[in-house]
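>>> Next one to model:
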Amino acid sequence: MNLPSKGSIAVALAALTILGVFCNRAAADDAKKKDEDSGRQEKIYELTNDITPPRLIHRVNPTYSPGSKGVRLEGSVYLEMVITSRGEPGAVRVVKSLAEDVDRAALDAVKQWRFDPARKDGKPVAVRVTVEVAFHAM
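Numbers count the residues shown, from 1 in each chain. This next block holds a predicted model:
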């Protein structure tokens, strides 16, 4: 039986080590990109007089499953979110609930909304806002 030489084992270990470094670097780069894509890396502003507020450019209305309370309820769900500098909603959460299935419908719809982003000194910025999704009985 032929055993590998010490030199070939060392080369194989070095190759695995280098491969591991590249894999870890690629994983770290992917994680960083995901963080950047989700808006966690950009500064989040509160709306003040020196910031032009975002403008809704694409709205999706809530949809209900059959038997949902949404067609019988009147009221509003209030959602807090960050609108990224790309005009996408992120970190959406309910701050005033109406009913669980109606809250879910509002969340699902708002996550599909798109905005012309807020601007500070003419540059797009992320802002934290609260939106009202009103429900009317049908």
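>>> Show the backbone phi and psi for the spatially closest residue to T63 that is not a sequence neighbour.
Closest residue to T63 apart from its sequence neighbours, by C-beta to C-beta, 6 or more residues apart in numbering: A105 at 6.3 Å. Yep, even glycine has a C-beta here, placed from its N, CA and C like the rest. For A105, the backbone dihedrals are phi -60, psi -40 (criterion: degrees, to the nearest 10).
>>> mind listing the strands for this protein?
Using DSSP state E, the strands assigned to the chain run over residues 44-46, 51-52, 55-58, 75-83, 89-96, 114-116, 118-120, 123-135.
>>> where's the residue lying closest to P89 once chain neighbours are set aside relative to R72, distance?
Spatially, and ignoring its direct neighbours in sequence, P89 is nearest to M81 (4.7 Å; C-beta to C-beta, 6+ apart). Counting by C-beta to C-beta, to the nearest Å, the gap between M81 and R72 amounts to 26 Å.
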